[in-house]
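**Student:** heads up, no residue letters with this:
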């Protein structure tokens with residue numbers, strides 16, 4: 001999975017965890033570094049990630065991705 005619709009966004013210590021669901025119903029999460037301008041995707045926005053970036057707003061904006069995507073149900077924040 002490399003993207004989907006955000007179903008939860010949880011911020012902590014300068015990062016945000018985006019929990020997503022794709023068209024097939026698969027779920028995973030990805031961590032992003034909070035941007036200095038404060039512009040972030042919102043719940044139900046579509047995002048996708050590749051090569052250390054998370055893209056949103058029709059690929060007009062991006063955030064720095066931290067680590068790999070993961071099963072959010074097995075990791076609490």
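**Tutor:** That came in fine, so what should we check first? Not measured: the values here are computed from a predicted model.
**Student:** okay, the most centrally placed residue in the chain: pLDDT?
**Tutor:** Among the residues of the chain, the one closest to the centroid is residue 18, at 3.6 Å (CA atoms, centre = their mean). On the pLDDT scale, residue 18 is placed at 97.
**Student:** got it, and residue 77?
**Tutor:** The score at residue 77 is 58. That number is its pLDDT.
**Student:** repeat for residue 74
**Tutor:** Note on residue 74: pLDDT of 74.
**Student:** gap between residue 71 and residue 14?
**Tutor:** Computed as CB to CB, to the nearest Å, the residue 71 to residue 14 distance reads 23 Å. No exception for glycine: its C-beta is placed from N, CA and C like everyone else's.
**Student:** Repeat that for residue 65.
**Tutor:** 14 Å.
**Student:** Next: residue 56.
**Tutor:** 18 Å.
**Student:** Who has more neighbours out of the two?
**Tutor:** More neighbours surround residue 56 than the other of residue 56 and residue 14, with 22 against 8 (other CB atoms under 10 Å).
**Student:** That one reaches residue 47, doesn't it?
**Tutor:** Yes: with contact defined as CB atoms under 8 Å, residue 56 counts as touching residue 47 (4.6 Å).
**Student:** returning to what we had before: the residue nearest to the centre of the chain and residue 44 touch, don't they?
**Tutor:** No: the criterion here is CB under 8 Å, and residue 18 misses it with residue 44 at 11.5 Å.
**Student:** Identify the contacts common to the two.
**Tutor:** Common neighbours of residue 18 and residue 44, using CB atoms under 8 Å, 6 or more residues apart in numbering, are residue 6.
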